[in-house]
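**Q** Sharing a model prediction with you, sequence too.
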Amino acid sequence: MIESKIKDTVRDVADFPKPGIIFKDITPILKDAALCAEITQALAERLSGVQVDVVAGIESRGFLFGMLLAQALKVPFVPIRKAGKLPFKTIQQACNLEYGSAILELHEDALEAGQKVLVHDDLLATGGTVVAASKLIQQLGAEVTAFSFIIGLDFLNGREKLEEFRPLTFSLASYR
Ligand SMILES: O=P(O)(O)OC[C@H]1O[C@H](OP(=O)(O)OP(=O)(O)O)[C@H](O)[C@@H]1O
Ligand SMILES: Nc1ncnc2[nH]cnc12
């Protein structure tokens, strides 16, 4: 089962990047090519029947499977990046996450009004990051139709923050 494979492979690192945080390190997953393929397929299967015109992935770990998923779904990929990295004109949103804060940016011509967007990230913790990403998408007149994650830290209740965006939300491996 994909959930137990992910949980058996992810590495817990205590007190990174700050004391008290148990960091879910996905790099062992990336070393397992067969598991990466299985994860990509599982993400695509969970989205069957959902309209996805574009996958938006969040820097940096959201790029890894976001791009693979976009290829599997045969749709474009759009990067949402931390401030100062995108070269063209951008729109910005601040966000708070489990262990810090960031400013996210999106190219102002990245999406067309009315496009249905899947937001992908490796991990859902407090939800601050994907809420900011969703606001950027909405600012361009596009619609968030789903959120996908490899890992959900459900005990941090990030899903509640996503309800206002109303879409399908799933994690392949959940920690309760
Ligand atoms: O749900 P939240 O509390 O907002 O936290 C989740 C975010 O935190 C991590 O990113 P990080 O900012 O550490 O960046 P990275 O992917 O570049 O390592 C993770 O990849 C998510 O984007
Ligand atoms: N505990 C955690 N492990 C890995 N990435 C995270 N992003 C936010 N919280 C995290």
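**A** Cool, got the structure. Ligands and ions are numbered 1, 2, ... in the order given.

**Q** tell me the centre residue of the chain?
**A** When Cα atoms, centre = their mean is applied to the chain, the residue found nearest the centroid is residue 121 (1.5 Å).

**Q** which residues does that residue bridge with?
**A** Per DSSP bridges, the residues bridged to residue 121 are residue 149.

**Q** is it true that it touches residue 63?
**A** No - using Cβ atoms under 8 Å as the test, residue 121 is too far from residue 63 to be in contact (9.5 Å). C-beta coordinates here come from the backbone N, C-alpha and C atoms, glycine included.

**Q** anything in contact with each of those two?
**A** Common contacts of residue 121 and residue 63, defined by Cβ atoms under 8 Å, 6 or more residues apart in numbering, comprise residue 57.

**Q** where are the low-confidence patches of the protein?
**A** Within the chain, not a single segment meets pLDDT under 70.

**Q** Please report the distance of the residue nearest to the centre of the chain from residue 148.
**A** Distance, residue 121 to residue 148, using Cβ to Cβ, to the nearest Å: 8 Å.

**Q** Assign the residue of the chain most remote from its centre to helix, strand or coil.
**A** Computed with Cα atoms, centre = their mean, the maximum C-alpha offset from the centroid of the chain is found at residue 19, amounting to 24.3 Å. Secondary structure, DSSP: H, G, I helix; E, B strand; the rest coil: residue 19 is coil.

**Q** Let me know the distance separating it from residue 99.
**A** Per Cβ to Cβ, residue 19 is found 10 Å from residue 99.

**Q** before we move on, what about residue 13?
**A** 12 Å.

**Q** same deal with residue 7?
**A** Separation of residue 7 from residue 99 (Cβ to Cβ) stands at 21 Å.

**Q** Around ligand 2, pick out the residues from this protein.
**A** Counting by Cβ under 6 Å from any ligand atom, the residues of the chain close to ligand 2 are 21, 22, 23, 24, 97, 98, 123, 125.

**Q** which of the residues you listed lies closest to residue 53?
**A** Nearest to residue 53 among the residues of the chain next to ligand 2: residue 123, at 24.2 Å, using Cβ to Cβ.

**Q** Much appreciated, bye for now.
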